[in-house]
Structures are given as structure tokens and as C-alpha cells.
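J.: Below: sequence and its predicted model.
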Amino acid sequence: MTSAGEYEIRGGDDARANVASSDAHRSATDVGALARAVSSEGDDDARPGRDGVFGLGVAVKAKRMWRSFTWREASGAMGDLGTFLPLLVGMSIENGVDAGTTILFTGAYNVATAFLYEIPMPVQPMKTIAAVALGEDPLTTNEILVAGFFVSAIVFALGATKTMDAFNRMTPTAVVQGMQVGLGMLLARKGFVLAVYASSDLSRARKMTGVDGLLVTIVAFCGVMYACAPEYPPATTPAGAGAGELGVSTTEAKERKRRARHYVPTALILVGVGIVMAMTKKGALNGLRFGPSTPKVLNASRAEIRRGIVRAGVPQLPLTTLNSVISVCALSKELFPDLPASPSSVATSVGVMNIVGCWMGAMPSCHGAGGLAAQYAFGARGGGSIAFLGACKLILGLVFGSSLTHLLERFPKNILGVMLFSSSLELMGMGLKTKPGWQQHQKYLVMVTAAVTVATKSTAIGFAAGAGTHLLMEIQRRIEVGSVEATQ
């Protein structure tokens, strides 16, 4: 998942160098490192950079992703299913959203974003819309689609006019990282509740045995934590001591053995086991039918348009702007400094996805920092992982369509909860990293933003608290500086 050093709050000019040295295996699959290696061999087309889908050519990008694709990349592609599957199944059953159409469109989104960004850029449900839709007063399918269309139209306009870039420059980095920490804690709680409890109000724990039992939860937790937890710093070996065959020291051999566990495709194994368990449940395979779903064009009444925008669209807008654009771009810059995503590009991507998809009946989708952290945590390092996920979705959507809902709703929720909890740690870890030269007031902003985000369960309110605190601290600084200058 991460190296031990990545969870430390630290400063200094060599912070990034410390991360790189303690996580050297990442460079073997990092897109930028691969591109530089290929470029040094004389392939001028494989240089890293944000060139767009047609800048380098689809064939060149596909070749580059194929070269870097491993089982670990395939595992990373499954990292965000802990969020995607429950919301897809819930809105399909409770609100009538077409699962087959959604699987097809999100698969196409995955493939397109893989070639556009060449990093594991996630495609996940718009969570606020999903929460409102599944609440006590459920939304209709048309109201859900209208809400997604409304949000995406505004975000697209912000991206196309480059306004999102300006907003990103105005947002303090510490506030963005505080949002990441707060959102990570919220996802961790959701994952733990899903893994341990049979009811969302924590009134009933899962039984010990069975496919959805606590025994499966414990085994899955132990397996994920063993494979993904950071290692202790290696013990130093005196010079000339412990040399083994081929000049490899005992310490180096132990270090290689320790790092080998990070290459276990944990998420892929968990998803495979979960599918097998789901198939053993009564009636899981009875509803499967061959053939894709037929997309239905959005045809909402004025009342549905008004209700969808007011109840779900407006509350979703700040989350999409802050988490699905600003925060995910900040995280991409931290994880993939050679291929950072720009806010305007991501905003435009979200807009195009849903202006087309929601119009044809697909669930509203976006990108998000939590999804990127989840896929990175389980091994995704390049666009190949997301292209693989998209291909899987397209195949399943074309072969089984909406009938997949009967199988997906039986997927063990405890396994999804374990995956969600584990991946949330990556998001918190990246949010806790400090930048070189950071002072105490930046750390304070991170804590304020995270605390309010957790307390209110809202990244928008957390952002407002962090931005307000930043403004007050700037006023305080200017008053104090002016007082000092006046006394001199």
C-alpha cells in the first residue's frame, strides 16, 4: 500500500527523496519512470507528459500500458469496488437505475480516462446524489439523472473556461490535505461498519460463521493488513558483514523478501473470492441473462427536473468541485509527479462523462481522491489498470447487462468493507504528509479541516471551515506584522 515513511508528518527539502528511497519498488511500475526508461532506449514517442489521447497516439499509449501491466496493476483496478458496487446495486434495486447501462458507460469512461491521463484515475458514483436517492424519501431514476446532468454541466463550464484552475490556485494546499484526511476517516468508518456490522446503525454485529460472517472479515483484514502494511525500517548491517551469494547482503535479501508481499494482488484475490462466495448463495445465478441492456434516453418532467436539482444536484456540486476535481488533482500530483492531472481537464472530463451518460440512463459518475487512493493502495500505478477494469466492465455489460444485479447484490459486504477500510488509509496517509518548509499553522489548517469534515460528514463544510480559518490567520498575521512595524 505505502511505505512507512509516507505516513509520517515531516518537513525538509529531502522529504520526497526519503519517500522515493523507502518505496523504491514503486518506480518499477510508475508511468513516468517507465517512460523515461523507454525514452533512454531511443523511443521518442514514450516520453511522459500530458499530451492527451491523440497527442502520442492510442497505439503508442496502449503499448506503453501493456509493457507496465502486471497482476498487481490488475489488483489495483479492483481497489475502488468497495464504493462502486454497493451504490450501484442500491440505486439499481431501490431507484431503478439501469445497472447494465451504467456498467457499459463506466467501462467506457475507464478506458477513455486511462488513455487520457495514463494514471489510475477512478470512475466512481456521485456519492451525495446516491445518498439522497437512497434516503427515506427516494428519488426516481429521472431525478437522479437530472441531478447528475445539472452538476456536470456546471463543472464542465468551469473546466472549459479554465475557471477551475484559478479556483485551484486560490485553495490552500493544507485545506485540500485536510479534506483528504477527513474524507479518509469517513471512508474508514464506513468500511469498518460494512465489514463488522449487519446493520448500518451498529445495532447488530455480523454472525461469526457464514459467507458474510465475522470469521471471513477477520481473515480478510489480516490478509490485507499483512500484504499492504508498511514495513519497519531495515536494520543496519556493519560494513562487510552478512555478504551472501552474488554479493547480496543478508539485509538486502531480507528487504527484498519483505517487499515481495507488496506485489501480491490482494484486491484481485478478494474480488475473486467474493464472486465465488456470491455464486454459492441461493438464487445468485438464476437471474443471469445474456445480452446487453437497452439505454433509455432521459425524459424528465418539470417537477422531476426541479426536485432532482434542488434535492440532489445542489448538495452534490461542492463535493464534485472539491473532492472530484481539486483534491484528486492534488493527490495525482503527489503520487504521479510526472503526470499530474489539471483541474480544468478533470472538470471537463466529469462534465463530458455525465452529459452523455446521464442522458442515456447511466448512473451519475465522477472522479475522486478516495478512488485514486484506493486503486493506488492495492497496486495500480498506470493507466493499464484502469483500462483493464474498463474492459472487464464492457465485457460484463455486453454479455449480461442488467441481470448482473442479481449476482452483485449477493457479493459479501464484509469483503467490500475490508477493501474500503484498507484503501482509506492511503488517502489519510497522503493527507498527513507535509510539504518542505511547512510551519505549524499549515498543520493546524489540516487538523481544523479534517476535524470539521468528520464532525459534519461534509467535505464542503470542512472546506469552508478550513478556508475561513486560513483567512482569519492571514488577518491575524497582517495585524501582528503591522503592530511590530509600528513599534519599530
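T.: Now that the structure is in, tell me what you want to look at.
J.: ok, and the closest non-adjacent residue to the most centrally placed residue in the chain?
T.: Nearest to the geometric centre of the chain sits residue 371, at 1.1 Å (Cα atoms, centre = their mean). Among residues not flanking residue 371 along the chain, residue 122 sits closest, at 2.7 Å (Cβ to Cβ, 6 or more residues apart in numbering). For the C-beta atoms, the positions are set from N, CA and C on the backbone; glycine is no exception.
J.: OK, contacts around residue 396?
T.: 103, 107, 404 (Cβ atoms under 8 Å, 6 or more residues apart in numbering).
J.: Name the SS class of residue 147, please.
T.: helix (DSSP: H, G, I helix; E, B strand; the rest coil).
J.: quick one: it from residue 267, how far?
T.: Residue 147 is 30 Å from residue 267, where distance means Cβ to Cβ, to the nearest Å.
J.: For stretch 89-101, give the mean pLDDT please.
T.: Mean per-residue pLDDT for stretch 89-101: 90.
J.: does residue 145 really touch residue 300, like I thought?
T.: Yes - counting by Cβ atoms under 8 Å, residue 145 touches residue 300, with 7.2 Å between them.
J.: okay, and the common contacts of the two?
T.: Joint contacts of residue 145 and residue 300 (Cβ under 8 Å, 6+ apart) are residue 308.
J.: which of these two has more neighbours?
T.: A direct count of neighbours by other Cβ atoms under 10 Å for residue 145 and residue 300 places residue 145 higher, at 29 against 18.
J.: Skip the chain neighbours and tell me the closest residue to the more buried one.
T.: In space, residue 145 is closest to residue 358, 4.4 Å off (Cβ to Cβ, 6+ apart).
J.: Residue ranges in the chain under the pLDDT threshold?
T.: In the predicted model, the chain carries pLDDT under 70 at residues 1-56, 136, 231-263, 482-488.
J.: which one among the contacts of residue 396 gets closest to residue 295?
T.: Nearest to residue 295, judged by Cβ to Cβ, of the contacts of residue 396 is residue 103 at 11.7 Å.
J.: So for the lengthiest helix in the chain, what gets flagged as buried?
T.: Ordering each helix of the chain by length in residues (DSSP state H) puts helix 459-487 first. Neighbour-count burial for helix 459-487 flags 459-467, 469-470, 473 (criterion: 16 or more other Cβ atoms under 10 Å).
J.: do stretch 194-210 as well
T.: 194-198, 206.
J.: What about those residues, which are in helices?
T.: 194-196.
J.: quick one: residue 413 from residue 293, how far?
T.: Applying Cβ to Cβ to residue 413 and residue 293 gives a distance of 25 Å.
J.: So between those two, which is more surrounded?
T.: residue 413 (23 against 20).
J.: who are the neighbours in contact with the closest residue in space to that one that isn't next to it in sequence?
T.: Leaving aside its chain neighbours, residue 413 sits nearest to residue 194 (5.4 Å; criterion: Cβ to Cβ, 6+ apart). For residue 194, the contact set (Cβ under 8 Å, 6+ apart) comprises 82, 86, 413-414, 416-417, 420.
J.: Filter those down to the ones in helices?
T.: 82, 86, 413-414, 416-417, 420.
J.: For residue 305, state which of those residues is nearest.
T.: Closest to residue 305, out of all of the ones in helices among the contacts of residue 194 and judged by Cβ to Cβ, is residue 86, at 27.4 Å.
J.: Roughly how far does the closest one sit from residue 217?
T.: 16 Å.
J.: Identify the residue spatially nearest to residue 270, adjacent ones excluded.
T.: Nearest to residue 270 is residue 415, by Cβ to Cβ, 6+ apart, at 5.4 Å.
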